[in-house]
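*Asks:* based on what follows, work out the 3D shape:
(one chain, ligands or ions: 1)
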Amino acid sequence: MTINEKAYAKLNISLDVGRRREDGYHDMVMIMQTVSLADDIRIDINGSGEISALSNLPFIPCDERNLAVKAARLWFEAAGRTEGAAISLNKRIPVGAGMAGGSTDAAAVLRGLNRAFDSPLSKEELLDLASKTGSDVAFCLCGGTMLAKGKGEVLTRLRDLPDCTVAICKPRFSVSTPELFTKLDTRPGRHHPDTVGILSSLEEGDLRGICRRMYNVFEDVGDRRMKVVAEIKSKLIDAGALGAIMTGTGSAVFGIFSDEADAEEVIAPLRKEYGFATTTRPVGKLL
Ligand code: C5P
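*Replies:* Sure thing, here's the model as predicted:
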């Protein structure tokens, strides 16, 4: 049996970080959005009793460090099945971009396996496995537009983002997530996104109101690489974006456009200068 599943990328419409908790993690308040840019996941069910993975990118680990492998192992254990699976990951989402590439592959494995075996696990059970796999996996499993709190696993569904085109650009460097959290902890005072304002703009279907308020606290940690992020943001705004921010801990930056042609036009020059750029669209609820 072969299962094919899309693993959609995630963007942060906003990202706020609270204090470091006892367990070393930080409490987050984020508005998250699924977009059509996706990895293709193929799962071949076999009788080996083992989970294996292969990817088109040679530098991606294919052992237990790969969240897709971890998620598959958890699913087989919880569903009480012993078959085993060979997972193929065709990666299109840039790695080290803040777009939840690893988490969304894991979420796609959970959705795909559960669908193929006629839903032995409930949505709640899948969400529990997702949270055990990684912080962003639960959101990637559900998809659409959501408010995420806690480590990212406390989810509330929101009204869909109004129709728009998104231009994403990732510069050639990546940023270490733990390093940015540490920088944020040692920085006195910080701006916070107007999460409440974004929530009411979402409720009203007011794209301009959402875009005007988009904000990611990690852009403000005093990291020198954020200069490049600011440069890309300016280019997106100059091209007609209603708003532009970095997603997650970066390094990808995106702009939201009401005019698709404006978004398409900025891709070629961004790709030439920074390496990766593409347009994408919001995707709604997945589960
Ligand atoms: O979730 P992920 O494994 O990508 O997180 C990497 C690191 O980022 C964690 O080990 C932790 O240091 C930091 N982190 C955090 N608070 C969160 C999520 C991640 O401090 N909510």
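
*Asks:* okay, CA-based contacts and neighbour counts for the rest of this
*Replies:* Fine.

*Asks:* right, and residue 266 touches residue 239 too?
*Replies:* Yes: using CA atoms under 8 Å as the test, residue 266 is close enough to residue 239 to be in contact (6.4 Å).

*Asks:* who's more crowded, the two?
*Replies:* Comparing residue 266 with residue 239 by neighbour count (other CA atoms under 10 Å), the higher total belongs to residue 266, at 22 against 17.

*Asks:* may I have the helix or strand that contains residue 14 exported as PDB, CA atoms only?
*Replies:* Applying DSSP states H and E as the criterion places residue 14 in strand 2-20. Output of strand 2-20 as PDB, limited to C-alpha atoms (Å, rounded to 0.1, in the frame of the first residue of the first chain):
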ATOM      1  CA  THR A   2       1.300   3.500  -1.000                       C
ATOM      2  CA  ILE A   3       0.100   6.700   0.700                       C
ATOM      3  CA  ASN A   4       0.700  10.200  -0.800                       C
ATOM      4  CA  GLU A   5       0.300  13.200   1.400                       C
ATOM      5  CA  LYS A   6       1.100  16.900   1.000                       C
ATOM      6  CA  ALA A   7       3.100  18.500   3.900                       C
ATOM      7  CA  TYR A   8       2.300  22.200   3.700                       C
ATOM      8  CA  ALA A   9       4.600  25.000   5.000                       C
ATOM      9  CA  LYS A  10       3.700  27.200   7.900                       C
ATOM     10  CA  LEU A  11       4.100  31.000   8.200                       C
ATOM     11  CA  ASN A  12       3.800  33.200  11.300                       C
ATOM     12  CA  ILE A  13       1.400  36.100  10.900                       C
ATOM     13  CA  SER A  14       2.600  37.100  14.400                       C
ATOM     14  CA  LEU A  15       5.000  35.700  16.900                       C
ATOM     15  CA  ASP A  16       5.300  36.700  20.600                       C
ATOM     16  CA  VAL A  17       7.500  35.100  23.200                       C
ATOM     17  CA  GLY A  18       6.900  35.100  27.000                       C
ATOM     18  CA  ARG A  19       9.300  34.200  29.800                       C
ATOM     19  CA  ARG A  20      11.500  31.100  29.900                       C
END
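
*Asks:* give me the helices and strands touching it, please.
*Replies:* Helices and strands touching strand 2-20, by 3 or more CA pairs under 8 Å, 6 or more residues apart in numbering; DSSP states H and E, are strand 26-45, helix 101-116, helix 137-142, strand 215-216.

*Asks:* I'm done for today, thanks for sticking with me.
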